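# My questions concern the predicted model and sequence given below.
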Amino acid sequence: MKLSIIACIGKNLELGKGNDLVFHIKDDMKYFKEVTLNHTVVMGRKTFESLPGLLKDRKNVVITKSNKEFPEGVEIYSSIEEFMEKYKDYQEEIFVIGGASIYKQFLDYCDKLYLTEVDKEIDADVYFPEFDKNNYDKEIVKSGEDKTLKYNFTIYRRK
């Protein structure tokens with residue numbers, strides 16, 4: 001199984017506030033779509049609820065303990081262990097897309113982190129988990145600017 005994380009974070013690992021992203025960068029949304037298209041995306045219930053609907057042209061997987069009804073086409077697992085057992089022989093890259101607790105649970109199993117690193121501190125109530133950058137090779141794929149925000153599309157590959 002090839003697990004990767006994709007997220008947009010601030011200088012202090014800021015991720016979200018009030019069940020929404022803290023950064024809405026058009027280029028980042030485009031990058032997210034390009035990278036995850038035709039792949040499996042794994043998320044928690046709150047992340048799924050924050051989306052406008054199913055992510056098109058992707059297999060949508062939600063990890064939740066909730067008995068809530070989900071739209072047709074969403075695969076539900078009650079734990080990351082249950083998900084990983086089902087997908088253990090899967091050969092395609094799988095993207096973990098949030099939220100914070102899902103990132104934290106999957107972090108040690110991911111070989112790649114696709115992080116849009118925004119050069120700004122911002123008010124947040126949800127943060128990306130701390131990780132030791134020394135355990136990764138860092139590649140800046142592209143740099144960009146959106147109004148006053150400077151950012152890098154960065155890939156961290158586990159050494």
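Alright, I've got the coordinates. Numbering: from 1, shown residues only.
# from here on, contacts and neighbour counts on C-alpha atoms
Will do.
# Show residues contacting the lengthiest helix in the chain.
As assigned by DSSP state H, the longest helix anywhere in the chain is helix 26-36. Helix 26-36 is contacted from outside by 6, 8, 58, 95, 116, 146, using C-alpha atoms under 8 Å, 6 or more residues apart in numbering.
# distance between that helix and the chain's centre?
Distance, stretch centre to chain centre, for helix 26-36: 11 Å (C-alpha atoms, centre = their mean, to the nearest Å).
# Would you mark the buried spots in that helix?
28, 31-32, 36 (16 or more other C-alpha atoms under 10 Å).
# Next secondary structure element downstream of that helix?
Downstream of helix 26-36, the next assigned helix or strand under DSSP states H and E is strand 40-44.
# What average pLDDT does that next one get?
The pLDDT scores in strand 40-44 average 98.
# How about stretch 20-27?
For stretch 20-27, the mean confidence score works out to 94.
# ok, the residue nearest the centre of the chain - contacts?
Residue closest to the mean C-alpha point of the chain, counted by C-alpha atoms, centre = their mean, is residue 97 at 2.4 Å. The contact partners of residue 97, by C-alpha under 8 Å, 6+ apart, come to 5-7, 41-43, 103.
# No more questions from me, cheers.
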